[in-house]
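1. I would like the atomic coordinates for the input below:
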Amino acid sequence: MPILRQLAFKSAITQIGKSENPLGSNWGVPVKDYLKSVGIDFPASWCMAFVYWCFEQNANGKNPLIKTGGVLAHWNKADKKYRVVGEPQVGDIFIMDFGKGLGHTGIVEKTDETFIYTIEGNSNDSGSREGIMVCRKQRPKTKIKGYLRYD
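-> Down below sits the predicted model:
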């Protein structure tokens with residue numbers, strides 16, 4: 001049986017191309033469903049909610065992720081046993097910290113020596129942390145604060 005992070009990754013793939021409606025609103029179907037999964041019922045940044053939603057679809061009521069829409073809140077509250085030491089794997093969660101409480105996250109698809117390749121919500125073609133859709137991105141490993149692995 002596949003482990004939870006692999007199943008969450010498969011759920012993320014099904015969402016590629018899904019976007020806000022209207023664009024730039026942090027709202028609309030399916031964004032409000034991602035936000036609702038973490039208890040948010042208003043337009044808000046949704047990258048962490050997207051990740052939570054992907055895990056929730058496969059957790060059979062036992063989602064191990066912190067139920068929050070806050071990237072850095074999740075990182076800070078997550079049990080240290082979930083922090084990845086070494087190379088990230090498919091389904092790991094990456095964390096970026098832009099300072100002043102601003103973060104971004106998504107799910108790792110693959111890696112090479114220099115980059116991680118991801119599926120992330122609330123991004124866009126330029127890789128913004130305040131984008132409009134679920135998309136695949138390439139990010140330098142040097143820009144990543146850390147990774148979380150939930151099995």
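2. wasn't I107 part of a strand?
-> Yes. Per DSSP: H, G, I helix; E, B strand; the rest coil, I107 lies within a strand segment.
3. what residue, apart from its backbone neighbours, is nearest the residue nearest the centre of the chain spatially?
-> Per Cα atoms, centre = their mean, the C-alpha nearest to the average position across the chain is that of G106, at 2.8 Å. Sequence neighbours aside, E120 is the residue nearest to G106 in space, at 2.6 Å (criterion: Cβ to Cβ, 6 or more residues apart in numbering). C-beta here means a position set from N, CA and C on the backbone, and glycine is covered the same way.
4. doesn't that neighbour lie inside a strand?
-> Yes. Looking at E120 with three-state DSSP, it is inside a strand.
5. partner residues bridging it?
-> Per DSSP bridges, residues listed as beta-bridge partners of E120: C135.
6. verify the stated contact: it with I132.
-> No. Counting by Cβ atoms under 8 Å, E120 sits too far from I132 to count as a contact (12.0 Å).
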